[in-house]
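Asker: no sequence on this one, just coordinates:
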RNA sequence: GCGCCUGUAGCUCAACUGGAUAGAGCGACGGACUUCGAAUCCGUAGGUUGCGUGUUCAAGUCACGCCAGGCGCGCCA
């Protein structure tokens, strides 16, 4: 590289994303148009493409091809080694091999687009009345992965779990437990109709008996604590750690529920009807107004929940993300209405709806009913299927996709399912590195990458360099499944390269260059899997 | 009845804010190990993108209307 080049490189190396650099350059040539850079489809020339000529052609009254011709004349950058215009008007860019290879020496596993913004992601948050179900498990996988990815991308993200330790459900829980205690003492159990009938209630009842706890208030506290601990343990087994566990009762203690109620009343956003107090959520686009205090003076879920979100806002987060199941989509309007009513812009809150999960076994869907006691828990799933497989499977679908989890497939194909495919690529690389080491060939950073001329080497290098762009896409879409697809692709590029070329050969310099390339590959595979919460064994 | 999600190869799913010949994996069939890990690779077959109309240079993607499945629609959470 001559001295002239290095000045240019300095500018470009401020960013490890080729796509962003291209965008920046194009933006200067076409300032009024939003620039979009795509990957070139298989079989077409170049690496990245833009459709900007197609976009602006009609405005200029010229054909897209003519516009493209004019645009590329202004285009000159050492990063680009070739430009092709393709029918009906795409401009395709080929990235200079030298530039690509230089980028490999840069940090490729993180990006800095978050401006240190604080993000709070709340997920799972199931009631402390039983074990964690499969739908919540999916949310756990998505939420945990998002936290990891956002933190790798320059944000400060935290995971939070909200414990509903107050209200009618908890009263019913305590009563159900008490009845089971009576039953264990030889009396007849009279579990409330809407109570908890599952066998697992007996376990906590047993403990309470042996602890000689019998007042309803103590039973309530003990039971909540009992189930929260079970949930926490399950989540830890699943590799999901929360930064904060917030109790609904704390929100009450802080007086936030009263604060919210007062604000709503002062703003004349409530009214009484049939002895109940309504919040005028229709004014915020909801289909109906919602009760916040019932005629028997109970708060509904909504009131403390608005207060909880006020609490989140007061903790100075820039963005709040909630991951909910599909059964909660109807709550979006009323909760956002609450945030609006308090005087905040509701776009601070993003709701991700993670669609439902259905378990399939022997070609049949398992029916899941909490009431009938036939629902499958995360615990039970983890007993059957390795954690890595569960997490990877949950993260292989976009959030809005309904997910069919085929238990037979997860187990039967365990040797050829995608998670092992990715892990295998990593283990294979580690094995090659060990092989090289046996022959006293050590990894070195300072290698002559210009020796990389094979098609498969360049393809692999390009794939490695997409990693930051994948992070950027996930940050924009909140879709961690993009990472699983990327890793499968990267693994494929490696296997393909491996099939065609030897790493360790008599050519010393080339060996070092290839060792460098596969070490980079292993690094990205490892970091990518880590972001999914999937392990990355050296051997398998 | 209203709202949200989904409908793409035999199965499970991709296709990035509308872009190029709609792509993978599994399953099926046929090939590749004397050399760094064959948990790998290569090839073949498989499609009226649920149906219809519209919008435009361009529609799997957007709009409208149907059809099918799921989930919600409470003084429950």
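Answerer: On my side now, so go ahead. Keep in mind that what you see is a predicted model, and the values were worked out from it rather than measured.
Asker: which other helices and strands contact the helix or strand encompassing residue A:309?
Answerer: If you go by DSSP states H and E, residue A:309 is part of helix A:302-314. Counting contacts by 3 or more C-beta pairs under 8 Å, 6 or more residues apart in numbering; DSSP states H and E, helix A:302-314 is packed against helix A:248-253, helix A:256-266, strand A:290-293, strand A:319-324, helix A:332-341. No exception for glycine: its C-beta is placed from N, CA and C like everyone else's.
Asker: For residue A:197, which three-state class applies?
Answerer: Following DSSP: H, G, I helix; E, B strand; the rest coil, we place residue A:197 in the coil state.
Asker: per-residue confidence for the nearest residue to it once chain neighbours are set aside?
Answerer: Closest residue in space to residue A:197, ignoring its immediate chain neighbours: residue A:191 at 5.7 Å, by C-beta to C-beta, 6 or more residues apart in numbering. Note on residue A:191: pLDDT of 88.
Asker: residues contacting residue A:191?
Answerer: A:175, A:176, A:179, A:180, A:197 (C-beta atoms under 8 Å, 6 or more residues apart in numbering).
Asker: Surely the last one is in contact with residue A:176?
Answerer: What it means is residue A:197. Yes - contact criterion C-beta atoms under 8 Å: residue A:197 and residue A:176 qualify, at 7.4 Å.
Asker: my read: residue A:311 touches residue A:251, true?
Answerer: Yes - with contact defined as C-beta under 8 Å, residue A:311 counts as touching residue A:251 (5.8 Å).
Asker: if you count what's nearby, which of these two comes out ahead?
Answerer: residue A:251 (23 against 17; other C-beta atoms under 10 Å).
Asker: got a pLDDT number for the more buried one?
Answerer: For residue A:251, pLDDT reads 96.
Asker: swap in residue A:317?
Answerer: Value for residue A:317, per-residue pLDDT: 97.
Asker: Residue A:3 too?
Answerer: Reported pLDDT for residue A:3: 34.
Asker: now swap in the one 4 residues further on and tell me
Answerer: Per-residue pLDDT puts residue A:7 at 33.
Asker: ok, now the one 5 residues further on?
Answerer: The confidence metric pLDDT takes the value 37 at residue A:12.
Asker: Sketch out the low-pLDDT regions of chain A for me.
Answerer: A:1-15, A:367-375, A:413, A:415 (pLDDT under 70).
Asker: what's the closest non-adjacent residue to the closest residue to RNA strand B within the stretch 251-400 of chain A?
Answerer: Of all residues in the stretch 251-400 of chain A, residue A:274 sits closest to RNA strand B, at 2.6 Å by C-beta to the nearest atom of the strand. Excluding the flanking residues, the one nearest residue A:274 by C-beta to C-beta, 6+ apart is residue A:295, at 6.3 Å.
Asker: Contact residues of the stretch 251-400 of chain A facing RNA strand B?
Answerer: A:273-276, A:287-288, A:291, A:294-296, A:298-302, A:326-331, A:353, A:355-356, A:396-398, A:400 (C-beta under 7 Å from any atom of the strand).
Asker: In helices only, show me the residues you listed.
Answerer: With DSSP state H as the criterion, helices contain residue A:302 from among these.
Asker: Just the buried ones from the residues of the stretch 251-400 of chain A next to RNA strand B?
Answerer: Listed as buried from those are A:276, A:291, A:299, A:300, A:301, A:302, A:331, A:353, A:355, A:356, A:396, A:397; burial here means 16 or more other C-beta atoms under 10 Å.
Asker: Would you quantify the distance from residue A:151 to residue A:466?
Answerer: Distance, residue A:151 to residue A:466, using C-beta to C-beta, to the nearest Å: 20 Å.
Asker: of these two, who's got more company?
Answerer: residue A:466 (21 against 16).
Asker: Return the set of buried residues in stretch A:403-423.
Answerer: By neighbour count with 16+ other C-beta under 10 Å, stretch A:403-423 contains the buried residues A:403, A:405, A:406, A:407, A:410, A:417, A:418, A:419, A:420, A:422, A:423.
Asker: just stretch A:350-361 next, same as before
Answerer: So stretch A:350-361, judged by 16+ other C-beta under 10 Å, has buried residues A:352, A:353, A:354, A:355, A:356, A:357, A:358, A:359.
Asker: Run through the residues that contact the third one.
Answerer: Going back to what we said before, that points to residue A:354. A:135, A:138, A:139, A:142, A:323, A:324, A:325, A:326, A:399.
Asker: what residues does the stretch 401-540 of chain A put near RNA strand B?
Answerer: Counting by C-beta under 7 Å from any atom of the strand, the stretch 401-540 of chain A sits next to RNA strand B at A:401-404, A:406, A:409, A:413, A:415-418, A:420-421, A:424, A:427-428, A:430-432, A:435-436, A:473, A:476-477, A:481-482, A:485, A:488, A:492, A:495-496, A:498-499, A:501-504, A:538-540.
Asker: which of those residues are buried?
Answerer: A:403, A:406, A:417-418, A:420, A:424, A:427-428, A:430, A:432, A:436, A:481-482, A:488, A:492, A:498, A:503-504.
Asker: List the ones among those that fall in strands.
Answerer: Of those, the ones assigned to strands by DSSP state E are A:403, A:406.
Asker: from the buried ones among the residues of the stretch 401-540 of chain A next to RNA strand B, which ones fall inside helices?
Answerer: For those, the ones inside helices are A:418, A:420, A:424, A:427-428, A:430, A:432, A:436, A:481-482, A:488, A:492, A:498, with DSSP H as the criterion.
Asker: For the helix or strand where residue A:278 lies, name the packing helices and strands.
Answerer: Following DSSP H and E, one finds residue A:278 within strand A:276-279. If you count contacts as 3+ C-beta pairs under 8 Å, 6+ apart, strand A:276-279 packs onto strand A:270-273, strand A:290-293, helix A:332-341.
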